[in-house]
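Trainee: pasting a predicted model and its sequence here:
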Amino acid sequence: MNNSDFLKKQYRTSDNLNARAQLHEKFSTSKYRWQIWVFDQIQSDKKLSVLELGCGTGELWLQNKSRINGKWNITLSDFSRGMVEKAQQKLAGIKNIEYKVFGVESIPFPSNFFDMVIANHVLFHAQNVEQAIGEIARILKDDGVFYAATNGEAHTKEIFDIIFQTTGQNHKGEFSSFTAENGAELLSKQFPKVAVRSYPDSLMVTEMEPLFEYIMSMGYFFTGSEKNAIKKKLQQMFLEKGVVKITKKTALFVAQKQ
Ligand SMILES: C[S@@+](CC[C@H](N)C(=O)[O-])C[C@H]1O[C@@H](n2cnc3c(N)ncnc32)[C@H](O)[C@@H]1O
């Protein structure tokens, strides 16, 4: 999904992202929370300069606040000023974090600058994913590491099915520019070493309202009768089974230049 106006509207404030995060927070079957798992993958005792791209509201750092290495120099960035301000507000008081507003397509830092770059569910939003990966390779030191998290093609497929069945809108494949399936190939053009780590999880949703809010937060235009049709479909699903299972497929790429 990389329609610029749509994305700017979607991420102007943190409301939509929060609605979706809440569904994952409440109904994920894995007790190993996503941001904790990611932080475990990037841990290092060394003194590092670290850049997060598309930081959103800073959840990665907020959920791991007590574990942030004081020796790291951290820069959090996002193309949405609203997101950066929210992250700054939530993480106030953490001294080794700086904040900047910019997009992944043009990164305002010199070449060979960072030891670690993180893009946690961001690259599929890039206007030009290959250009963004090129920029990341440029600003990363030769012995640096790039961590890129993304979803697989089957991720939340049941939600796309509900939208299609009730409104005829087909939004499947909108995040296909950088997925768990094609990410390694795209990264390997700039990074000779690419490994992938999977995060096993699913959603077992037992309440209708948070699922409805999630669908409404996706930013698609629904008429009043389409909204009603979605609600009716969800009511029917919960009535029949009491629980709605939603597939999650998420992966973290670890990319290195050498
Ligand atoms: C799915 S959210 C992930 C947020 C955060 N990384 C997390 O894990 O909670 C995607 C984020 O990428 C930002 N974003 C979208 N397109 C971007 C771009 N081209 N450059 C930089 N940030 C972008 C959005 O504003 C949003 O905060």
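Mentor: Sure, I can see it.

Trainee: what are the buried residues along the host helix or strand of residue 41?
Mentor: Assigned by DSSP states H and E, residue 41 belongs to helix 34-42. Residues of helix 34-42 classed as buried: 34, 35, 37, 38, 39, 42 (neighbour count, 16 or more other Cβ atoms under 10 Å). For every residue, glycine as well, the C-beta is placed using N, CA and C.

Trainee: what of stretch 242-251?
Mentor: 244, 246, 248, 249, 250, 251.

Trainee: ok, stretch 42-55 next?
Mentor: Going by neighbour count (16+ other Cβ under 10 Å), the buried part of stretch 42-55 is 42, 48, 49, 50, 51, 52, 53, 54, 55.

Trainee: how about stretch 155-173?
Mentor: 155, 156, 158, 159, 160, 162, 163, 166, 167.

Trainee: ok, the residue nearest to residue 256 when sequence neighbours are not counted - contacts?
Mentor: Leaving aside its chain neighbours, residue 256 sits nearest to residue 193 (4.1 Å; criterion: Cβ to Cβ, 6 or more residues apart in numbering). Residue 193 is in contact with 255, 256, 257, 258, counting by Cβ atoms under 8 Å, 6 or more residues apart in numbering.

Trainee: quick one, phi psi at the second one?
Mentor: The main-chain torsion angles of residue 256 are listed as degrees, to the nearest 10 and equal phi -130, psi 150.

Trainee: just to revisit the earlier point, ok, of the buried residues of helix 34-42, which one's closest to the ligand?
Mentor: Nearest to the ligand among those is residue 35, at 6.8 Å by Cβ to the nearest ligand atom.

Trainee: so of the buried residues of stretch 155-173, which ones are in helices?
Mentor: Cross-referencing the buried residues of stretch 155-173 against helices under DSSP state H gives 158, 159, 160, 162, 163, 166, 167.

Trainee: wait, the fourth one touches residue 234, no?
Mentor: Yes - in this structure residue 162 lies within contact range of residue 234 using Cβ atoms under 8 Å: 7.1 Å.

Trainee: in TSV, list the ones in helices among the buried residues of stretch 155-173 along with distance to residue 15 and pLDDT.
Mentor: TSV is the format used below for those (distance: Cβ to Cβ, whole Å; pLDDT from 0 to 100):
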residue	distance to residue 15	pLDDT
158	23	96
159	18	96
160	21	95
162	21	97
163	19	97
166	23	97
167	22	97
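
Trainee: out of these, which is nearest to the ligand?
Mentor: Among those, and counting by Cβ to the nearest ligand atom, the member closest to the ligand is residue 159, at 14.6 Å.

Trainee: right, and the closest one touches residue 246 too?
Mentor: Yes - at 6.3 Å, residue 159 and residue 246 qualify as touching, with contact defined as Cβ under 8 Å.

Trainee: got JSON lines for the ones in helices among the buried residues of stretch 155-173, with distance to residue 90 too?
Mentor: Shown next, in JSON lines, are these (distance: Cβ to Cβ, whole Å):
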{"residue": "158", "distance to residue 90": "31"}
{"residue": "159", "distance to residue 90": "27"}
{"residue": "160", "distance to residue 90": "30"}
{"residue": "162", "distance to residue 90": "32"}
{"residue": "163", "distance to residue 90": "31"}
{"residue": "166", "distance to residue 90": "35"}
{"residue": "167", "distance to residue 90": "35"}
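
Trainee: same for the ligand: which of the buried residues of stretch 42-55 are within range?
Mentor: 53, 54, 55 (Cβ under 6 Å from any ligand atom).

Trainee: which one of these is nearest the ligand?
Mentor: Out of those, the member with the shortest distance to the ligand (by Cβ to the nearest ligand atom) is residue 54, at 2.9 Å.
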